[in-house]
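S.K.: the following block contains a protein sequence and its predicted model.
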Amino acid sequence: MVINWELKGYITASRYRVAIMQALAKEPKTPKILEKELNIKFSHISRALKELSDKGVAECLTPALHKQKYYGLTATGKKVVVDCTN
């Protein structure tokens, strides 16, 4: 597997991004669930999810909903989260 060092560095530069990536690797979750599980403020969760989505490693699985949006990892995100845990 080829490691995207720039992407790995971007994710690991923030403990919030790392924690969210690891949580989403287990199963898709809403920002509210992430807030409770990770004990991270909702504003930080929202910002990190937007950043991760912009980088193509996370995606909203329920974009039509206004509430209870579920986020999960993309195929690239699943590869990168494995690299980030090593």
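M.R.: Nice, thanks for sending it over.
S.K.: okay, which residue is most central for the protein?
M.R.: The chain has M21 as the residue nearest its centroid, 3.8 Å off, counting by Cα atoms, centre = their mean.
S.K.: in this structure that residue contacts K55, no?
M.R.: No: the pair M21 and K55 fails to qualify as a contact (Cβ atoms under 8 Å) at a distance of 10.5 Å. All C-beta spots, glycine's among them, are computed from the backbone N, C-alpha and C.
S.K.: what residues do those two have in common as contacts?
M.R.: I11 (Cβ atoms under 8 Å, 6 or more residues apart in numbering).
S.K.: who does Y71 bridge with?
M.R.: Assessed by DSSP bridges, Y71 has beta-bridge partners K29, C60.
S.K.: need the per-residue pLDDT for it.
M.R.: The predicted local confidence for Y71 comes out at a pLDDT of 98.
S.K.: just the buried positions in stretch 54-65, please.
M.R.: For stretch 54-65, a neighbour-count test (16 or more other Cβ atoms under 10 Å) marks 55, 57-59 as buried.
S.K.: closest to Y16 among those residues?
M.R.: Proximity of these to Y16, judged by Cβ to Cβ, is greatest for A58, which lies at 12.3 Å.
S.K.: the closest one and L49 touch, don't they?
M.R.: Yes: using Cβ under 8 Å as the test, A58 is close enough to L49 to be in contact (6.1 Å).
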